[in-house]
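# predicted model follows, preceded by the sequence.
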Amino acid sequence: MHRSFNVENVERKGLLILKILSESQIPLGARIIAGRMKDSGLDLSERTVRYHLKLMDHKGLTRLIGRRDGRIITNHGKDELSNARVNDKVSLCSSRIDMLAFKTTFDLSKQRGMVPVNISLFTKDRFEEALKAMKPAFQNKMVVSDRIAIAQNGEKMGDVTVPDGKVGLATVCSILINGIFLKNGVPIDSKFGGILQVKNGAPLRFVELIQYAGSSLDPSEIFIRGKMTSVKQVVEKGEGNILANFREIPSVSMAHVTELIENIRSIGLGGIIAVGGSGNPVCETVVGLNKAGMILMGGLNPVACAHEQGIDVDNLAMTTVMEFQDMQNIS
C-alpha cells in the first residue's frame, strides 16, 4: 500500500532544513543536516535530505556550493523562512530547551561534561571593552557560571563557527540546571523567560515575560535587543531589571531538589535565584497544582550589561553545547 503524498509534511521538513542552514555560518552537506534534524526529532536518511535539497535548489531557496562543500540558504530561502506559518515557528524555543537539556552530560562530582551555552558575537575592535563592561556582572554572581570561552573568526564554539570580523563569547546557559535535574531524575517544566525586578538587592517580581511555548526565539535575545534590562544599575545600586527564567518542578521532589541545589552551589555554580514551596507563589508568580516554582538567573545578564553601555552584540542564545573543562574563569 502506497503512503499518500503529504504536502504539509514536505513543507515542514523543508522549513526545518532552511532553519538549520540559516543558523550555520558555513555550507552544510546532507549528512550534517540529517544529524541536526534528528536532534530536532525528525529522523530522515541522507538520501531523503538530498531529495528535499534538490527540490529547494529548484525553487531557488538553497544553492549548492561545490559537490562536497554542501549548500547555503539563499536570500529567497531566508524570506521563505521568515514568512513561514506561525504554527511551524511556535514552540521552537521549548523544543530547543528540551534538546539541550538532554545533550547536557555535566557530572557534578567530576565537574566535567557537556554544558549548554549561549554564543555572543562582538566586533573585534570592541571586544576588550565588552569584557570590561561584563566583568562586574560576573563578579556579582549574576550568572550561572563564571566560566567563559572565547574564539576568533573561523574558529568553532560547539557547532557554531565565528564569522569574519567577530569574536565569539560563550557563556553557560541556565538550561544547565534543567540538564542536571534531568540526569538526576527530576523533571523541569520550563515556563517562560522574563525581566525580573530587583529591589534592595532581592528579587521582587517579573515585570515582563514571554512564554517559551509560544516563541521561536529565546526571550533573553528579545529583551536585550529591546533595551529592557538595567543589569549595571542592579550591580551598582541593588535595584533594576535583570534577565531571569521561570521553571516548575514536582513538589514531591523537593527533598531531592534541595540536596541537588546544595551540590550545585558547593562547586561554585550559581543561577538559582529562588525556590518556592509546594503550590506557593514565587516572586508573585503563581504555580500549578502539586508544583513548586524555581527562578533561574539568565545566562546572558553580563552580555545585557555590555549592551546597556552601547556595545553592539549578536546573540545566539541556547544554541549549542561545549565541554565545561574547555571553558576558563572570567578572571
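Alright, I've got the coordinates.

# which strand or helix spans Glu80?
helix 75-82 (DSSP states H and E).

# other residues contacting that helix?
Helix 75-82 has contacts (CB atoms under 8 Å, 6 or more residues apart in numbering) with 15, 18-19, 21-22, 56, 59-62, 73. Every residue, glycine included, has its C-beta placed from N, CA and C.

# same deal with stretch 194-204?
205-210, 219, 223, 228-229, 234, 238-246, 273-274, 283-284, 295.

# again, only this time at 6 Å
205-209, 223, 228, 234, 238-242, 244, 273-274, 283 (CB atoms under 6 Å, 6 or more residues apart in numbering).

# do stretch 24-33 as well
Residues contacting stretch 24-33 (CB under 6 Å, 6+ apart): 17, 20, 46, 49-50, 65, 69-72, 161, 163.

# ends of that stretch, what's the gap?
Taking CA to CA, to the nearest Å, the first and last residues of stretch 24-33 lie 10 Å apart.

# report the buried residues of it.
For stretch 24-33, burial by neighbour count (16 or more other CB atoms under 10 Å) applies to 24, 27-30, 32-33.

# re the thing from before, just flag the most distant two among the contacts of helix 75-82.
Lys19 and Gly60 (17.3 Å; CB to CB).

# higher neighbour count, those two?
Lys19 (19 against 12; other CB atoms under 10 Å).

# and the contacts of stretch 24-33, which of them are in strands?
71-72, 161 (DSSP state E).

# who wins on neighbours among these?
Arg71 (25 neighbours).

# tell me the contacts of that one?
Arg71 makes contact with 27, 53, 62, 64 under the criterion CB under 6 Å, 6+ apart.

# out of those residues, flag the one nearest to Asn263.
Closest to Asn263, out of all of those and judged by CB to CB, is Pro27, at 43.1 Å.

# strands of the protein, start to end?
Under DSSP E, the chain gives strands at 62-64, 71-73, 114-123, 147-151, 156-157, 160-161, 166-172, 189-199, 202-211, 240-250, 272-275, 291-297, 314-323, 328-329.

# mean pLDDT lowest for which of the ones you listed?
Sorting the strands of the chain by mean pLDDT places strand 160-161 lowest, at a mean of 84.

# what's the offset of that one from the middle of its chain?
14 Å (CA atoms, centre = their mean, to the nearest Å).

# show me the contact partners of that strand.
By CB under 6 Å, 6+ apart, strand 160-161 touches 25-26, 119, 320.

# now do stretch 298-317
118-122, 126, 130, 133-134, 137-138, 142, 144, 171-174, 218, 220-221, 224, 229, 231-232, 242-244.

# do the same with stretch 219-228
193, 195, 210, 243, 298, 300, 304, 307, 315, 317.

# and that stretch, what's its mean pLDDT?
Rounded mean pLDDT across stretch 219-228 is 92.

# and Lys284, how far is that from Gly276?
Just so we're on the same page, residue 284 is Glu rather than Lys. Separation of Glu284 from Gly276 (CB to CB, to the nearest Å): 11 Å.

# for Thr62, that is, sorry about that
From Thr62 to Gly276 the distance is 48 Å (CB to CB).

# from the contacts of stretch 194-204, list just the buried residues.
Buried, going by 16+ other CB under 10 Å: 206, 208-209, 223, 228, 234, 240-242, 244, 273-274, 283, out of the contacts of stretch 194-204.

# just give me the longest helix of the chain.
helix 7-22 (DSSP state H).

# which helices and strands sit right next to that helix?
helix 30-39, helix 46-59, strand 71-73, helix 75-82 (3 or more CB pairs under 6 Å, 6 or more residues apart in numbering; DSSP states H and E).

# tell me the contacts of Arg247?
188, 190, 294.

# if we ignore the residues flanking it in sequence, what's nearest it?
Met294 (4.5 Å; CB to CB, 6 or more residues apart in numbering).

# that neighbour: neighbouring residues, count only.
24.

# quickly note the distance from it to Ile222.
From Met294 to Ile222 the distance is 22 Å (CB to CB).
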